[in-house]
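Engineer: missing the sequence, but the structure's below:
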């Protein structure tokens, strides 16, 4: 099996348990080799409420850009009236850039 196949299998297994609702939308993370993308999604309506990417953060290093993205998402979410989310790591391990984004979002006021 390839890495891509394993990633899809892990993400499918996670998505079976993690569902975003109106009360607690889903914070979904996608990691490419170059950027990190995150969205806050209401799965009941199938709508993306808030989105962000490290592309917007300028020419920072990957780890510091991930932290800035987490803080920015938390700021945008609190402005939109979202206090709690469920975290969808997208099949990626909870380490490195994914963990930095999550920790920064928690520091910014999001609960998960």
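Structural biologist: It's in. Quantities reported herein were computed from a predicted structural model and do not represent experimental measurements.
Engineer: Please name every helix or strand in contact with the helix or strand of the chain with the lowest mean pLDDT.
Structural biologist: None of the helices or strands of the chain scores lower by mean pLDDT, DSSP states H and E than helix 3-15, at a mean of 90. Helices and strands touching helix 3-15, as assessed by 3 or more CB pairs under 8 Å, 6 or more residues apart in numbering; DSSP states H and E, are absent. Bear in mind the C-beta positions are built from the backbone N, C-alpha and C, glycine included.
Engineer: what comes up buried for that helix?
Structural biologist: 11, 14 (16 or more other CB atoms under 10 Å).
Engineer: Tell me the helix or strand right after that helix.
Structural biologist: Counting by DSSP states H and E, the element after helix 3-15 in chain order, helix or strand, is strand 26-31.
Engineer: I'd like to know how many residues surround the closest residue to residue 85 other than its chain neighbours.
Structural biologist: Nearest residue to residue 85, sequence neighbours excluded (CB to CB, 6 or more residues apart in numbering): residue 27, at 4.3 Å. Other residues within reach of residue 27, judged by other CB atoms under 10 Å, total 27.
Engineer: Residue 54 against residue 32, yeah?
Structural biologist: No. Using CB atoms under 8 Å, residue 54 is not in contact with residue 32; the gap is 9.5 Å.
Engineer: Between those two, tell me which one has more neighbours.
Structural biologist: residue 54 (24 against 9).
Engineer: dump the residue contacts of that one.
Structural biologist: Neighbouring residues of residue 54 by CB atoms under 8 Å, 6 or more residues apart in numbering: 35-37, 60, 62, 65-66, 68-69.
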